[in-house]
Each structure stands twice: as C-alpha cells, then as structure tokens.
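Quick one, what's the 3D model for this:
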Amino acid sequence: MVDEAIERLLGYHQRRYWLENGWSLRFRIWQTPVTAEKPHGMRYSLTLHDVDGTRLMGFDNAHGVGRETHFDHEHRYGRVADPVPYTFTGADALLTDFFAATERACRTAGVALTIAMEDTEDDEGETGDADLA
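Here you go, the predicted model:
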C-alpha cells in the first residue's frame with residue numbers, strides 16, 4: 001500500500017526555493033529500507049540557508065541526538081549546532097512543521113518569506129533554474 005503523504009514528501013526531493021533576500025529552502029528526501037533509525041523508510045533533510053549557503057535551521061534524521069537515539073531532530077534557528085529531538089508523526093506534519101519553523105525564523109530575522117524562484121538540484125548540489133515570476 002502506497003502512503004500518499006510519503007509520496008508527496010518524496011516529490012520535494014532536490015527542490016530548492018529562493019527567497020527574495022537570497023535565502024533558500026532546500027529539500028533532500030530519499031527512500032530507505034525501514035530500520036530502527038529510519039522507521040518511516042526514508043532519510044530526509046529540510047533546511048533553510050542564508051545567502052552564503054550556511055544552514056540557519058532545519059529538520060533531518062541523519063544522525064542520533066543526545067544520550068537517547070533520536071534520529072528525527074530539529075536544528076532550531078539561532079541554535080543550529082544544538083539539535084533537539086523531533087517527534088515525527090507523519091510526512092504532512094513534517095512539511096507543516098518545517099514551513100512553520102521557517103516562517104518563525106524569517107519573522108525573527110525580519111525577512112519576508114516570499115519565494116522569488118524555484119530550481120532543482122542534482123545529487124551534487126548543482127542547480128537548474130526555474131523562475132517563478
């Protein structure tokens with residue numbers, strides 16, 4: 001049985017959205033075998049970057065966090081080096097939580113969350129532009 005929410009999330013893989021101020025939202029989502037570390041059957045990284053490409057915040061499950069093995073976690077805006085566990089409740093909730101955290105980060109920084117352009121990346125991070133204007 002196909003999980004439509006997971007399929008929707010996987011559709012974001014390699015997308016990058018550019019904000020008017022040069023910040024970007026980056027999506028990397030891969031299917032994986034179901035394991036204890038990745039019980040959803042995917043690896044993901046949803047991140048917000050500044051104009052220099054520095055990660056400002058994000059959600060991912062690339063490594064464990066803290067003494068307990070929480071693989072789903074959030075790197076909060078202003079505290080990106082101190083990840084906190086994230087309770088994954090579903091693919092749609094992950095997208096909602098990411099966009100809500102992005103909106104809070106932009107509001108805190110005084111940056112408009114206005115998407116100016118979309119492109120896609122290959123696995124090496126190279127992009128192909130697709131202007132939204």
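
tell me what the longest helix along the chain is packed against?
The longest helix of the chain (DSSP state H) is helix 91-109. If you count contacts as 3 or more C-beta pairs under 8 Å, 6 or more residues apart in numbering; DSSP states H and E, helix 91-109 packs onto helix 4-10, strand 42-49, strand 55-60, strand 73-76. (Each C-beta comes from the backbone N, C-alpha and C, glycine too.)

can you rerun that using 6 Å?
helix 4-10, strand 42-49, strand 55-60 (3 or more C-beta pairs under 6 Å, 6 or more residues apart in numbering; DSSP states H and E).

which ones are touching Gly58?
Contacts for Gly58 were tallied using C-beta atoms under 6 Å, 6 or more residues apart in numbering; they are Leu46, Thr47, His75.

Which strand residues bridge the first one?
In this structure, Leu46 has the following beta-bridge partners (DSSP bridges): Phe27, Phe59.

hang on, isn't it packed against Met57?
No. In this structure, Leu46 is not within contact of Met57 by C-beta atoms under 6 Å, at 9.5 Å.

Between the two, which has more neighbouring residues?
Leu46 (24 against 20; other C-beta atoms under 10 Å).

Check the more buried one and give its pLDDT.
We have a pLDDT of 97 for Leu46.

How about Asn21?
pLDDT recorded at Asn21 is 96.

how about the nearest residue to it, chain neighbours excluded?
Closest residue to Asn21 apart from its sequence neighbours, by C-beta to C-beta, 6 or more residues apart in numbering: Val111 at 5.2 Å.

which outside residues touch the longest helix of the chain?
With contact meaning C-beta under 6 Å, 6+ apart, helix 91-109 is reached by Ala5, Ile6, Leu9, Leu46, Leu48, Met57, Phe59, Tyr77, Leu113.
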